[in-house]
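>>> Structure, please.
(one chain, ligands or ions: 1)
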Amino acid sequence: MTEPLQFRLTLYPEPVLRKVADGVAAYDDELRATVRAMFDLMYASNGVGLAAPQVGMAKRILVLNPTGKPEDELALINVSIVDRTGENTLYEEGCLSFPGIYAEVKRPERCRVKAWAPDGASIEREFDGFVSRIIQHEYDHLEGVLLVDRMSAADKQRHKAALQELVDRYRSRAASTARAR
Ligand code: CO
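Prediction:
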């Protein structure tokens, strides 16, 4: 018996969010437990997608569910976006690592993805609409790219205080951790 994993969300500007994530080497029970725990945390946080750096692991693992129905769960391991097509569209995005901050981001309508399922089965598929949007947002996390990098200068200005508050909170957490050592 293994203990169920429990993750916490990493918040901007925790450094792990800026790392380029590493590939996953084995499609094993540990990976499947990680994926399950990521789904659990995503649902508990009312999110539609979550990338492993958001639970403190710089690994190429994404989970998403555009509807919340169990049959719509999608876990993408070692994912790459091989093509992006269609018109660039603006759509409001949030991010669990930026609580309360929303901004319109321009992305192509469709993306073609190559990945593996947690059991090692290969996946190659094109996605469009909301799912494509989620995948492109989550994929950014694997490259260390964040919502704050994608928002317009005007939105960045509009969210200046909220972003600064996240930075201040991170600094005070880091300082109290340093004191506890
Ligand atoms: Co995000």
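>>> Any regions of the chain where pLDDT drops low?
For the chain, applying pLDDT under 70 flags the ranges 1-3.
>>> which one's the longest strand in the chain?
When the chain is parsed with DSSP state E, its longest strand is strand 74-93.
>>> Can I get the strand or helix carrying residue 171 in PDB, CA atoms only?
Per DSSP states H and E, residue 171 falls inside helix 160-180. Provided in PDB are the C-alpha atoms of helix 160-180 (Å, rounded to 0.1, in the frame of the first residue of the first chain):
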ATOM      1  CA  LYS A 160       0.000  45.400 -11.000                       C
ATOM      2  CA  ALA A 161      -1.100  45.400  -7.300                       C
ATOM      3  CA  ALA A 162      -2.400  41.800  -7.300                       C
ATOM      4  CA  LEU A 163       0.900  40.600  -8.900                       C
ATOM      5  CA  GLN A 164       2.900  42.600  -6.400                       C
ATOM      6  CA  GLU A 165       0.900  41.000  -3.600                       C
ATOM      7  CA  LEU A 166       1.800  37.500  -4.900                       C
ATOM      8  CA  VAL A 167       5.500  38.500  -5.000                       C
ATOM      9  CA  ASP A 168       5.300  40.000  -1.400                       C
ATOM     10  CA  ARG A 169       3.600  36.900  -0.100                       C
ATOM     11  CA  TYR A 170       6.200  34.600  -1.700                       C
ATOM     12  CA  ARG A 171       9.000  36.700  -0.200                       C
ATOM     13  CA  SER A 172       7.500  36.600   3.300                       C
ATOM     14  CA  ARG A 173       7.000  32.800   3.000                       C
ATOM     15  CA  ALA A 174      10.600  32.400   1.800                       C
ATOM     16  CA  ALA A 175      11.800  34.600   4.700                       C
ATOM     17  CA  SER A 176       9.900  32.600   7.300                       C
ATOM     18  CA  THR A 177      11.200  29.300   5.900                       C
ATOM     19  CA  ALA A 178      14.700  30.700   6.100                       C
ATOM     20  CA  ARG A 179      14.200  31.700   9.700                       C
ATOM     21  CA  ALA A 180      12.900  28.200  10.600                       C
END
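>>> Just list what that helix packs against, helices and strands only.
Packing contacts for helix 160-180, counted by 3 or more CB pairs under 8 Å, 6 or more residues apart in numbering; DSSP states H and E, involve no helix or strand. In this view, the C-beta of every residue, glycine as well, is placed from N, C-alpha and C.
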